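Chemist: Make a model of this:
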Amino acid sequence: MIIPVELYHLEEIIAIENSAFNKPWTKNQIKNDILSDLDSENWVYIMDELVTGYIFGCIIQDEFHLNNIAVHPEYLRRSIGKELILHIISRVISHDIKVILLEVSANNIPAQKCYKSSGFTQRGIWQDYYSKGDDAILYYLDLIKNG
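Modeler: Below is the predicted model of the structure:
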């Protein structure tokens, strides 16, 4: 079940964030995103009464910027990430969004496969974006063409 994120989800999100990334967002960054007045689309995936995944992003003009997505390590390979992405696509299409943009570590092959299977196309590379030797691959999904 996918529901809007609430502040009471924060600790579960932090635990997933810390297990999923070498350089996780801080608790304050995530808390500020949850409380943001921006045109955010922040959702959690609930399974077994636990937060098992989340997706954070925001609408900027006619673009959606996917800022963060992660799935609890014990719930990987259950299509939770893909379901969160498809949920965002269905949400932002109704807001006349033209494109979804994101970046992902060149080392994160499973995430890249998920994005490609969801229709995203590689747009470029930012060298050393995350750290020295850890490039970001830029992806986009054209919602006009695919919608």
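Chemist: Show me the helices in this structure, by range?
Modeler: Ranges of helices within the chain are 10-20, 27-35, 80-93, 109-117, 143-146, based on DSSP state H.
Chemist: Ignoring the adjacent residues along the chain, who's closest to the spatially most central residue of the chain?
Modeler: Geometric centre of the chain, nearest residue: Ile69, 2.9 Å, by C-alpha atoms, centre = their mean. In this structure, Ile69 finds its nearest non-sequential neighbour in Ile55, 4.5 Å apart by C-beta to C-beta, 6 or more residues apart in numbering. C-beta coordinates here come from the backbone N, C-alpha and C atoms, glycine included.
Chemist: and that neighbour, bridged to which residues?
Modeler: Applying DSSP bridges to Ile55 yields these beta-bridge partners: Trp43, Ile69.
Chemist: before we move on, the earlier item: just name the most buried of the helices of the chain.
Modeler: helix 80-93 (a mean of 18; mean count of other C-beta atoms under 10 Å).
Chemist: Check which helices and strands that one sits against.
Modeler: Helix 80-93 is packed against strand 2-4, strand 40-47, strand 50-60, strand 63-71, strand 99-105, helix 109-117, helix 143-146, with contacts defined by 3 or more C-beta pairs under 8 Å, 6 or more residues apart in numbering; DSSP states H and E.
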